[in-house]
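[1] Provide a 3D model corresponding to the input given below.
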Amino acid sequence: MATMTSQLILSLVDRVTGPAKAVSAAVRNLERQVKLNNRQLDEMRGRVVEAAAVGVTLYKALQAPTKAAMEFESALADVSKVVDFKDGAEGVKQFGRDLMALSERVPVAAEELQKVATADQGHSGREWCNEKADGEDLSPDHGRRGSRI
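    Numbers count the residues shown, from 1 in each chain. The predicted structure is shown next:
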């Protein structure tokens, strides 16, 4: 009987060992796959963060000049309300180009020049730019207080 019991135990061990080894190998394979997937997910997260950072940077880089251009156009519209442009809309456009050119020659930003032009209502655009080309009298209240920008 002891021999029969031993044979039965060995037979059961042989029948269970094979499938148990296969299950163990499958579990180890799954664990490797999970580690590989986690590593790839971490890499992808890093790429997504990089892409988001590039997107934000690009947005800000494009937003600044666009916003500045919109503000410049808005200020030109304000100037055109108070300054006599004999050429109409083309005169306003030319005045904007003249202001940009003037802002490169004198140490005053184009936006500040627009404010001065708006306050100094008596002149047409090109005449005004020609008068201010030397950088003198670039204050909207120049005649009142003698100040300069």
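[2] going forward, measure contacts between C-alpha atoms and count neighbours the same way
    Will do.
[3] Show me where this structure dips below the pLDDT cut-off.
    For the chain, the stretches with pLDDT under 70 are 1, 107-108, 113, 116-149.
[4] Please compute how far the longest helix anywhere in the chain lies from its chain's middle.
    Secondary structure of the chain per DSSP state H: the longest helix is helix 2-82. For helix 2-82, the separation from the chain centroid amounts to 25 Å (computed by CA atoms, centre = their mean, to the nearest Å).
[5] same question, stretch 83-96
    Worked out by CA atoms, centre = their mean, stretch 83-96 lies 33 Å from the chain centre.
[6] could I get that stretch in PDB with only the CA atoms?
    Taking Å, rounded to 0.1, in the frame of the first residue of the first chain, the C-alpha atoms of stretch 83-96 are listed here in PDB:
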ATOM      1  CA  VAL A  83      -6.700 113.400 -37.400                       C
ATOM      2  CA  ASP A  84      -7.600 114.600 -40.900                       C
ATOM      3  CA  PHE A  85      -6.500 112.000 -43.400                       C
ATOM      4  CA  LYS A  86      -7.100 113.500 -46.900                       C
ATOM      5  CA  ASP A  87      -6.500 110.100 -48.500                       C
ATOM      6  CA  GLY A  88      -9.100 108.300 -46.400                       C
ATOM      7  CA  ALA A  89      -8.400 104.700 -45.500                       C
ATOM      8  CA  GLU A  90      -5.200 104.600 -47.600                       C
ATOM      9  CA  GLY A  91      -4.000 107.700 -45.700                       C
ATOM     10  CA  VAL A  92      -4.500 105.800 -42.400                       C
ATOM     11  CA  LYS A  93      -2.600 102.800 -43.700                       C
ATOM     12  CA  GLN A  94       0.200 105.100 -44.800                       C
ATOM     13  CA  PHE A  95       0.200 106.900 -41.500                       C
ATOM     14  CA  GLY A  96       0.600 103.500 -39.800                       C
END
